[in-house]
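**Q** Predicted model, plus sequence, below.
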Amino acid sequence: MAFYDLKKKPALTTKDGEKETLYPSIVYNGTLSARKLLERAAYGTGYTVGELEGALGIIMDTAARYIGEGYRVELGEFGYFAGKIKASRMVARKTDIRSTSIRFNGVNFRPSKQFRMKSAGDLERVPERTFRNSSQLNMEELERRLMKHLEQNSFITRSVYTDLTGRLKWKATEDLKSFEEKGIIRRMGRGNQMYYVKTKEKEEGNTEKECL
């Protein structure tokens, strides 16, 4: 679940009485590092994080080389990458500028239709925070309540987590994403069917403690 909020956009004209308009803006939940992305991709597969990291480095170096040679590069269902160039100044005639004044200036990315469709998650507006306060439990207590529930049940949903902790819905989503990034739970399903289970690492850790 992703959240958005409405922000004020200045009027396009300066006419008196012109009203400001609102536009939707996504509320980012943070940045998923390359390492975390590879860890999530490797989970449940036969690949190690190191193998994926090595493959990603090779693909990046190869793609960068061919982009620098003037190719557009297609990367699976991600889409297309192409180089951008920039001149040091604008000219009226082709003879008014030398090639040394033109250089590469970044890379354009055009996502494929498949990637756009797969990355289009469920959206919900961030609730107003004035009607009710979220509980102020610290992360240790939130994790304790979460894991206690998962020890007695095979999974947990956001609504159940909200009932257990007293967190507002959007805060509960942030908490669960944080615990997912920490590697103690794993998300399953989508939309209204989304739920969370303990990761294999967490289950194995609990088993080792019981043996001791």
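**A** It's in. Numbering: from 1, shown residues only.
**Q** max-length helix in the protein?
**A** If each helix of the chain is counted by residues according to DSSP state H, the longest one is helix 49-68.
**Q** Please name every helix or strand in contact with that one.
**A** With contacts taken as 3 or more Cβ pairs under 8 Å, 6 or more residues apart in numbering; DSSP states H and E, helix 49-68 sits against helix 34-42, strand 73-75, strand 79-87. For every residue, glycine as well, the C-beta is placed using N, CA and C.
**Q** buried stuff in the last one?
**A** Same thing as strand 79-87. Judged by neighbour count using 16 or more other Cβ atoms under 10 Å, the buried positions of strand 79-87 are Gly79, Phe81, Gly83.
**Q** Looking at those, which is nearest Lys182?
**A** Checking those against Lys182 with Cβ to Cβ, the nearest one is Gly79 at 30.6 Å.
**Q** what's near enough to touch that closest one?
**A** Phe109, Arg110, Pro111, Ser112, Phe115 (Cβ atoms under 8 Å, 6 or more residues apart in numbering).
**Q** And the pLDDT at the fourth one?
**A** Spelled out, it's Ser112. At Ser112, the pLDDT value in this model is 94.
**Q** Which phi and psi values does the most centrally placed residue in the chain adopt?
**A** Nearest to the mean C-alpha position of the chain, by Cα atoms, centre = their mean, lies Leu32 at 5.7 Å. Per-residue torsions, Leu32: phi -90, psi 110 (degrees, to the nearest 10).
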